[in-house]
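J.: Sequence plus predicted model, see below.
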There are 4 protein chains.
Amino acid sequence: MTSKRPSAAGQASVSQETVFQAALRCFYVHGYDGASMRDIAKAGGVTPAAIYHYYSSKQDLLMDIISRFMQRSIDTTRSAISDAGDDPAEQLFAAARSHVLWNASDVVSSFVVNSEIRSLEPHNRQRNIAQRDELQRMFDAVVESGAAEGVFATPWPREASRAVVTMCTAVAGWYKAAGPLSPGEIADRYGHMSLSLVGSGTQVQP
Amino acid sequence: MTSKRPSAAGQASVSQETVFQAALRCFYVHGYDGASMRDIAKAGGVTPAAIYHYYSSKQDLLMDIISRFMQRSIDTTRSAISDAGDDPAEQLFAAARSHVLWNASDVVSSFVVNSEIRSLEPHNRQRNIAQRDELQRMFDAVVESGAAEGVFATPWPREASRAVVTMCTAVAGWYKAAGPLSPGEIADRYGHMSLSLVGSGTQVQP
Amino acid sequence: MTSKRPSAAGQASVSQETVFQAALRCFYVHGYDGASMRDIAKAGGVTPAAIYHYYSSKQDLLMDIISRFMQRSIDTTRSAISDAGDDPAEQLFAAARSHVLWNASDVVSSFVVNSEIRSLEPHNRQRNIAQRDELQRMFDAVVESGAAEGVFATPWPREASRAVVTMCTAVAGWYKAAGPLSPGEIADRYGHMSLSLVGSGTQVQP
Amino acid sequence: MTSKRPSAAGQASVSQETVFQAALRCFYVHGYDGASMRDIAKAGGVTPAAIYHYYSSKQDLLMDIISRFMQRSIDTTRSAISDAGDDPAEQLFAAARSHVLWNASDVVSSFVVNSEIRSLEPHNRQRNIAQRDELQRMFDAVVESGAAEGVFATPWPREASRAVVTMCTAVAGWYKAAGPLSPGEIADRYGHMSLSLVGSGTQVQP
DNA sequence: AATGAATGAGGGTTCATTCAT
DNA sequence: AATGAATGAACCCTCATTCAT
């Protein structure tokens, strides 16, 4: 049963957003099973029972967190590609760059989204897989078109595409705001490494 | 504190190995917090209390699983590198290849090891970080020596090295024995992609 | 840490009082370690989990029982002494008498309080010792003033004072409501015996 | 079922004595229910299972500890009285004195014996009550004979006798070997206080 | 919108005890 | 005489969730 929450669409109440953020932080620190509804309530400054005004269950909370983030990942990537013109190399560079930036901009969400998929119940997991596939397919399309045009030399476009998404997503696992590199610098480097990975001969010289 | 188990060394009893495997499978399916000691006991065909003959706690079980796997990851990689001769390109190819093979050969362990680090208590996490660093440093050394010798063109050896390990490890996240590619084929491709990533001009043509 | 219970002060809820009484009885019959939370819950007609609405732990329950009783012991004794005028003999008689009456009036609490001190965790035990000292010191002051004024002949006021408190407290260990003597009669006799113990020459003839 | 141990009579094996002492200490520190058989085994340097060679159960261990101590309390008191001649005052002085000495000489046993009676199962508790009565009756006899002869002025020989035993036994609850008074000095004082308690006019001047 | 009280199920862990060796 | 392995029951406590108010 889905909650009475207005989902990604309508304006969520202030309290709901508070609960959402509290849950996100708790799942990040303790994991889905390790975080209790009491923990979340305390972190959000509300009563455990109050959470059930916005979410029908703990699972519902997790699903909201994951699906919202994934949808924005998709939207962000789509925009980056469509703004990059027609050159597959420019498109891949832009897609990788934006994916790194997006994940580095919210490492907490990114980590939860990528580590708690297992905690989704079958029905929700299915929807999640669809979103992940949608994201992956955008990268696949870019790499495959580059391979078809001959600008990417890789003989395995599918593996390369998967590796690109994987390594860009993983940035959230180690990125620290206090590190020596800015998110933009890291994103640039991953853009170039992605081009290397697919065997692009026309990659912009760093 | 730690159990009477002979650790990675001596011959563990049959029952202990049974418990170990049962715990591994349960952690894989339900996660550390999601798996109960009763689940593990049932999966191993023993009593919950019997587990405590071999492991002092649930945490002790997780630590054994993780540290054993990490140690073998280190040993495997070290052997691969030292058997590969003096050429950094050959070394990186061999290291990436063996790392993919190792993780694909035991996706269950690999997944648990790479997703339950958060569940380690501070003391154990510290030891785990040391092992992860040891593994990463072996790849770093290869990439850096290649960069110093001029056989790797990458301007960012450190990021490239991290990306290589990341993407090879992640193979366990999607590899299925029933897939179209054999582990050896996948490993080969990742070997080559790793060389691309570091800008190797001397990579063997696939 | 400590529960939300209003302690000795405010009005405790009916359910909390029920739990308190159930725990008291269980500790009396089985001892602290021998009584289980399930026993207590059953005795109070509630669920085990419900107990944790009022008390944060089994230890918290014990501490509430002990500290409440001790505080009333102190208050009772203080009143008795201050109502007894200036004569140390009258004061000691009154103090011993009221202490016997108090302990005989609630042998269950008295027994638990005096036999489960060991079960207190260090922090709580410390607070308990302070209360016991406060009670003992009131008797000490009376005996010492009597010795100083020469109305008590005992050469060892400190030992005598301790013996008085000991023997009066111990009444709870054997007093039975069905016995041949009323609490008042027993209290009178212990008042006189206390005067004997300190070598009072002016004790009222029984 | 009683154990195969040779009871208080025959020569106990060295190991059994070790187990006995370990149990005594554990019961002293943690209480009967609070001490586990594993605790006792560890304290005695043996295996939990080994304990069952000497004692049939945990309860059997407690009973052995309590009944041995009580029997010696009785024997000690009987000797003291019979060695004291015919004067009830001398007898009471000697009995109180020896009882204090005995309890102060083994505060650990004394504490366990006097605080774990509740932990005895019905059958064993009955036997314990018989021993306690036997001890009390020896004091009663002395006080009553003194009252009959007119050398003790107390109008309540029974209460006085109980108070004497109580306060002497309780010495074990606070006596510390490092204290300012030697056991002998404390015993003397309690002997004199006992005479005061029964209203003896012929008590030896301290 | 929000709460405090309550629940039944289950959490990790320890228990006294047994038994084949 | 002594052990290591094992058990079934029970331990204290916390869980997600409900519901009258």
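T.: In hand now; what should we look at? Numbering: from 1, shown residues only, chains lettered A, B, ... in the order given.

J.: A:Thr166 and B:Ala172 touch, don't they?
T.: No - between A:Thr166 and B:Ala172 there is no contact under C-beta atoms under 8 Å: 11.3 Å. To be clear about C-beta, it is placed using only N, CA and C from the backbone, and glycine gets the same treatment.

J.: And the contacts of the helix or strand hosting A:Glu17?
T.: Element membership of A:Glu17, judged by DSSP states H and E, is helix A:14-30. Contacting residues not belonging to helix A:14-30 are listed as A:5, A:12, A:35, A:39-41, A:43-46, A:50-51, A:53-55, A:61-62, A:64-65, A:108-109, A:111-112, A:116, B:33 [C-beta atoms under 8 Å, 6 or more residues apart in numbering or on different chains].

J.: Check these one by one and keep those near DNA strand E.
T.: A:46, A:50, A:53 (C-beta under 7 Å from any atom of the strand).

J.: what's around the second one, how many residues?
T.: The number of residues packed near A:Ala50 is 14, by other C-beta atoms under 10 Å in any protein chain shown.

J.: Contact partners for it?
T.: Per C-beta under 8 Å, 6+ apart, neighbours of A:Ala50: A:15, A:19, A:41.

J.: Skipping adjacent residues, who's closest to the closest residue to chain B within chain A in space?
T.: Going by C-beta to the nearest C-beta, chain B is nearest to A:Asp33 of chain A, at 3.4 Å. Counting by C-beta to C-beta, 6 or more residues apart in numbering or on different chains, B:Asp33 is the residue found nearest to A:Asp33 once chain neighbours are left out, at 3.4 Å.

J.: where does that neighbour land in three-state SS?
T.: coil (DSSP: H, G, I helix; E, B strand; the rest coil).

J.: A helix includes A:Pro155, no?
T.: No - using three-state DSSP, the secondary structure at A:Pro155 is coil, not a helix.

J.: returning to that earlier point: quick one, which of the contacts of helix A:14-30 are buried?
T.: A:5, A:12, A:35, A:39-41, A:43-44, A:46, A:51, A:53-55, A:61-62, A:64-65, A:108-109, A:111-112, A:116, B:33 (16 or more other C-beta atoms under 10 Å in any protein chain shown).

J.: What residue spans form the domains of chain A?
T.: A:10-55, A:59-197 (automatic domain parsing).

J.: Now tabulate the ones you listed in JSON lines and tack on mean pLDDT.
T.: Formatted as JSON lines, these follow (pLDDT from 0 to 100):
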{"stretch": "domain A:10-55", "mean pLDDT": "93"}
{"stretch": "domain A:59-197", "mean pLDDT": "96"}
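
J.: With adjacent residues omitted, what lies nearest to whichever residue of chain A sits closest to chain C?
T.: Across chain A, no residue is closer to chain C than A:Arg38, which sits at 11.6 Å (C-beta to the nearest C-beta). Once flanking residues are discounted, A:Arg38 sits nearest to A:Pro48: 5.5 Å by C-beta to C-beta, 6+ apart.

J.: Let me see the contact set for the one you found.
T.: A:37-38, A:40-41 are the contacts of A:Pro48 under C-beta under 8 Å, 6+ apart.

J.: From those, which land in helices?
T.: A:37-38, A:40-41 (DSSP state H).

J.: hang on, the earlier thing: quick check: phi and psi at the residue nearest to A:Arg38.
T.: phi -50, psi -40 (degrees, to the nearest 10).

J.: State the distance from it to chain D.
T.: Separation of A:Pro48 from chain D (C-beta to the nearest C-beta, to the nearest Å) stands at 34 Å.

J.: Check A:Asp188 too.
T.: From A:Asp188 to chain D the distance is 61 Å (C-beta to the nearest C-beta).

J.: elements contacting whichever strand or helix holds that residue?
T.: Here A:Asp188 sits within helix A:183-197, counting by DSSP H and E. When contacts are defined as 3 or more C-beta pairs under 8 Å, 6 or more residues apart in numbering or on different chains; DSSP states H and E, helix A:183-197 sits against helix A:88-105, helix A:157-169, helix B:157-169, helix B:183-197.

J.: For A:Gly146, find the nearest of these.
T.: Closest approach to A:Gly146 among the helices and strands packed on helix A:183-197 (C-beta to C-beta): helix A:88-105, 3.2 Å.

J.: and the next element down the chain from that closest one?
T.: Immediately after helix A:88-105, counting by DSSP H and E, sits helix A:107-115.

J.: ok, is the helix or strand that comes right after that next one in contact with DNA strand F or not?
T.: Later in the chain than helix A:107-115, the nearest helix or strand by DSSP H and E is helix A:122-149. No - Helix A:122-149 lies apart from DNA strand F when judged by C-beta under 7 Å from any atom of the strand; the minimum separation is 12.8 Å.

J.: Stretch A:52-64 now?
T.: Yes - legend: contact between stretch A:52-64 and DNA strand F by C-beta under 7 Å from any atom of the strand is shown at A:52, A:57-59.

J.: List, one by one, the residues from chain A near chain B.
T.: A:30-34, A:115, A:118-119, A:154-156, A:159-160, A:162-163, A:166-167, A:170, A:173-174, A:186, A:189-190, A:193, A:196-199, A:206 (C-beta under 8 Å from any C-beta of the partner chain).

J.: Quick one, which of the residues you listed are buried?
T.: A:30-34, A:115, A:119, A:154, A:156, A:159-160, A:162-163, A:166-167, A:170, A:173, A:186, A:189-190, A:193, A:196-199.

J.: B:Leu195 is in contact with A:Thr154, correct?
T.: No - counting by C-beta under 8 Å, A:Thr154 sits too far from B:Leu195 to count as a contact (11.7 Å).
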